[in-house]
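[1] for reference, the sequence and a predicted model appear below.
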Amino acid sequence: MRLNLRRAAKRRLPKRERVALYVPKLPDTVWSVDFMSDALACGRRLRTFNVVDDFNREVLHIEMDTSINSHRLVRVFEQIKHDHGLPQVVRSDNGPEFLGEAFTSWLKVNGVAINDIQPGKPNQNAFIERFNRTFREEVLDQHLFTRLDDIREATHWWMIDYNEERPHDSLGGLTPAEDRNQHARRSTFGVSV
């Protein structure tokens, strides 16, 4: 039985002024991190852990496996630390992996601050969200992978292209590698590459 009841008026939120996402002035100031999920052809689930430098949108690492926990994040960041160094700040959502004791303790010991975005506000982590879309469209959705090793290899070559060959509009037509090198030449301190 349907009654003719009045619908409650939709609440309108006041228009808010958009605030642009902070773009660091130096490399390795803020790194954005996030997880993505996908599946192999057999239906087996997989996760990717993506790390991007907000300064020049350089992809620093993509880790893939069927499961990635807080301890695995520590191993990933130890590898990045050895190869590249560490940022001042890691920006992430409030995922359980980022809240795990192993990862939060490791960040504290290594002097890296964590900047958690507000729940339900992925636009506060826009650089990594935009990167995730590009990675999904150009790698995950383009191929039907049967093995984790296949997707790791495709991702490796795609990262080289993304960082070293592909110009980015947001960087004035430079690749992330060119932008980092150009910044190193301008800087009196230099930047490790």
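    Noted; the coordinates are in hand.

[2] so which bits of the helix or strand of the chain with the lowest mean pLDDT are buried?
    Every helix and strand in the chain was compared by mean pLDDT, DSSP states H and E; the lowest is helix 176-186, with a mean of 85. By neighbour count on 16 or more other CB atoms under 10 Å, the buried set for helix 176-186 is 176-180, 183. Just so you know, the C-beta spots here come from the backbone N, C-alpha and C atoms, and that holds for glycine as well.

[3] could you do stretch 159-170 as well?
    Within stretch 159-170, the residues that count as buried by 16+ other CB under 10 Å are 159, 162-163, 168.

[4] sorry, back to before: so what does the least confident helix or strand of the chain touch, helix or strand wise?
    Packing contacts for helix 176-186, counted by 3 or more CB pairs under 8 Å, 6 or more residues apart in numbering; DSSP states H and E, involve strand 58-65.

[5] the strand it packs on vs helix 176-186, what angle?
    Counting by axes from the mean of the first three to the mean of the last three CA atoms, to 10 degrees, strand 58-65 lies at 140 degrees to helix 176-186.

[6] where do the helices sit along the protein?
    70-83, 96-99, 101-109, 126-135, 148-160, 176-186 (DSSP state H).

[7] what's the separation between Lys25 and Gly172?
    15 Å (CB to CB, to the nearest Å).

[8] contacting residues around stretch 69-81?
    49, 51, 60-61, 63, 65, 86, 96-103, 106-107, 110 (CB atoms under 8 Å, 6 or more residues apart in numbering).

[9] buried ones among those residues?
    By 16+ other CB under 10 Å, these give 49, 51, 60-61, 63, 97-98, 100, 103, 106-107 as buried.

[10] what's the angle from the least confident helix or strand of the chain to helix 148-160?
    For helix 176-186 against helix 148-160, the angle by the same axes, to 10 degrees is 40 degrees.

[11] not counting its neighbours along the chain, what's nearest Pro27?
    Nearest residue to Pro27, sequence neighbours excluded (CB to CB, 6 or more residues apart in numbering): Phe55, at 4.5 Å.

[12] tell me who's in contact with the one you found.
    By CB under 8 Å, 6+ apart, the neighbours of Phe55 are 23-30, 179-180, 183.

[13] mind running it again at 7 Å?
    Counting by CB atoms under 7 Å, 6 or more residues apart in numbering, Phe55 touches 24, 26-27, 29.

[14] can you list phi and psi of it for me?
    Per-residue torsions, Phe55: phi -60, psi -50 (degrees, to the nearest 10).

[15] Ser170 versus that one, what's the distance?
    As judged by CB to CB, Phe55 and Ser170 stand 11 Å apart.

[16] which residues does Leu46 form beta bridges with?
    Asp38 (DSSP bridges).
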